[in-house]
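**Student:** Predicted coordinates and the sequence they were generated for:
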Amino acid sequence: MDKGSSAVSHTEREIEELRADRELATEYLKAAMESLDDPNERAAGLLALRTVAEAYGGLGAVAAEAGISREALYRALSPKGNPTLRILLAVLKAVGMRLSVESSEAWKEQDEQPAQSAG
């Protein structure tokens with residue numbers, strides 16, 4: 001392999017793609033946020049939020065806009081991080097997104113079943 005080649009890392013390419021396509025970034029982050037419910041997948045969700053933060057200003061700028069130190073943001077969005085709701089909301093706001101809530105699949109299925117009458 002040529003040492004002078006300008007290879008781009010997977011993460012760098014991912015950041016470029018997310019920066020270029022806002023809709024992709026939104027869907028990417030939606031999927032990642034769902035993984036935060038599962039302790040075995042939480043690290044992937046936090047790293048995805050970190051990648052989106054890198055794509056939309058970099059961690060330093062996002063941390064400054066969120067009102068936290070860069071180090072605190074790195075820790076919060078690390079694989080073992082545990083961001084507070086305040087940090088999560090601030091990061092989302094800094095990248096031009098917001099948190100929303102929707103019914104889970106289990107509730108959707110329950111809502112779709114016809115009501116059974118008693119008796």
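**Tutor:** Done, it's in.
**Student:** measure the residue lying closest to residue 17 once chain neighbours are set aside to residue 38 for me?
**Tutor:** Nearest residue to residue 17 in three dimensions, chain neighbours excluded: residue 24, at 6.4 Å (C-beta to C-beta, 6 or more residues apart in numbering). All C-beta atoms are positioned from the backbone trio N, CA, C, and that covers glycine. The gap separating residue 24 from residue 38 is 23 Å, by C-beta to C-beta, to the nearest Å.
**Student:** Tell me who's in contact with the spatially most central residue of the chain.
**Tutor:** With distances taken as C-alpha atoms, centre = their mean, the residue of the chain nearest its centroid is residue 49 (3.0 Å). Residue 49 makes contact with 29, 32, 33, 77, 88, 91, according to C-beta atoms under 8 Å, 6 or more residues apart in numbering.
**Student:** Now, these that are in helices?
**Tutor:** Among the contacts of residue 49, DSSP state H puts 29, 32, 33, 88, 91 in helices.
**Student:** Most neighbours among the residues you listed, please name it.
**Tutor:** Among those, residue 91 has the most neighbours (other C-beta atoms under 10 Å), with 25 neighbours.
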